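Chemist: Sequence and predicted structure, then a few things I'm wondering about:
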Amino acid sequence: MSAIISTSTNTTTNIVWFFACNVIDVPPNGGVCVKYDDVQIALFRFARRDAWYATQNMCPHRQQMALSRGMTGTHNGEPKVACPFHKKTFSLEDGRCLSDDQECSLTTYPVRVENEKVYIGIMQEA
């Protein structure tokens, strides 16, 4: 399953969708870690909003694979995750740091749900 996106620099990016898990595998208002090749991805389910988010699992601050176990919530209405070790918070929408340190951010991934199955999109140059 894939989609093709054209960018302004005349390069083409292909989104490859991979099956991550079933909806039931992710706790409501919680997260899990999913592995794609050698990449660990944190997948979050906001049940109250019926929304899904995916980011890198590695916290850029301390280089620890821990974000999938982080505390989720909102900051001014925006969904966020806080690292369980040092509590730095990151936007789940665009990955930017919401704490005092604006130099670190997260890679985010598109998520879609079809027939109770969760898919995460990985961008690859075509």
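Modeler: Thanks, I have the structure now.
Chemist: When you work out contacts or count neighbours from here on, use the C-alpha atoms and nothing else.
Modeler: Fine.
Chemist: Once you drop chain neighbours, what's closest to the residue nearest the centre of the chain?
Modeler: The centroid of the chain falls nearest to Ala54 when counting by C-alpha atoms, centre = their mean (1.6 Å). Among residues not flanking Ala54 along the chain, Leu43 sits closest, at 4.5 Å (C-alpha to C-alpha, 6 or more residues apart in numbering).
Chemist: host element of that neighbour?
Modeler: strand 39-46 (DSSP states H and E).
Chemist: Check which strands are paired with the helix or strand that that strand is followed by and give the direction for each one.
Modeler: Next helix or strand after strand 39-46 toward the C-terminus (DSSP H and E): strand 51-56. Here strand 51-56 is paired, per DSSP bridges, with strand 39-46 (antiparallel), strand 108-109 (antiparallel).
Chemist: And the contacts of the shortest one?
Modeler: If I follow you right, that is strand 108-109. For strand 108-109, the external contacting residues (C-alpha atoms under 8 Å, 6 or more residues apart in numbering) are 53-56, 92-95, 120-122.
Chemist: Next, format those as TSV and append pLDDT and distance to Val32.
Modeler: Shown next, in TSV, are those (pLDDT from 0 to 100; distance: C-alpha to C-alpha, whole Å):
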residue	pLDDT	distance to Val32
Tyr53	98	11
Ala54	98	10
Thr55	98	11
Gln56	97	11
Leu92	97	14
Glu93	96	17
Asp94	96	19
Gly95	96	17
Ile120	98	13
Gly121	97	16
Ile122	95	17
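Chemist: quick check: mean pLDDT across the lengthiest strand in the chain?
Modeler: Looking across the chain with DSSP state E, the single longest strand is strand 12-22. Averaging pLDDT along strand 12-22 gives 92.
Chemist: Over to stretch 64-73?
Modeler: Here the average pLDDT along stretch 64-73 is 94.
Chemist: first to last residue in that stretch, what's the distance?
Modeler: 20 Å (C-alpha to C-alpha, to the nearest Å).
Chemist: Many thanks, we can stop here.
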